[in-house]
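give me the fold of what follows.
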Amino acid sequence: MSEIKQTSTNFSNKAALSDECPEAYASNIIGGQWTLVICSWLLSGKLRFGELKKKLPGITERMLTLQLRKLEENKIISRTVYAEVPPRVEYEMTEIGYALKSVIKELEAWGESHKKLIG
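Model prediction:
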């Protein structure tokens, strides 16, 4: 997952649209391929990295790490490291992350309806 160059037209357009449109802003935060799936699993409670990896068999460790970092950076999830050997790390939704629950459930229902319409 590479960053968009800050000098690119694409970056400028995304930034301008995000500033003017709350829907575009939200989409930029939760619009990644894995983001909503990770969030939907974390809505049911804390999970460790390995547990998330098992629930997402198609994701690489690198991509999972990048997605978790992005979600943490955007305050959607929190990461707790326990001082144990080996270290234990747990991920959970933050308060603003839990606010996505209704959005995720609506997208799930819409996705099922759309699949039936197309299929």
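
CA only for contacts and neighbour counts going forward, please
Noted.

now do the strands in the protein.
47-48, 77-82, 88-93 (DSSP state E).

which one of these is the most hemmed in?
Mean neighbours per residue, mean count of other CA atoms under 10 Å, is largest over the strands of the chain for strand 88-93, with a mean of 19.

which intervals of this structure have sub-threshold pLDDT?
Residue ranges of the chain with pLDDT under 70: 1-6, 11.

ok, longest helix in it?
helix 101-118 (DSSP state H).

now do the buried residues in that helix.
By neighbour count with 16 or more other CA atoms under 10 Å, helix 101-118 contains the buried residues Ile104.

sorry, back to before: which of the strands of the chain sits closest to Glu20?
strand 77-82 (25.2 Å; CA to CA).

so for Ser40, which of the strands of the chain sits nearest?
Going by CA to CA, the one of the strands of the chain nearest Ser40 is strand 88-93, 9.6 Å.

ok so, going back, residues in contact with the longest helix of the chain?
With CA atoms under 8 Å, 6 or more residues apart in numbering as the test, helix 101-118 has contacts from Leu36, Ser40, Leu43.

out of the strands of the chain, which is closest to Asn13?
strand 77-82 (27.0 Å).

neighbouring strands of the closest one in the sheet, and parallel or not?
Its sheet considered, strand 77-82 pairs with strand 88-93 (antiparallel) by DSSP bridges.
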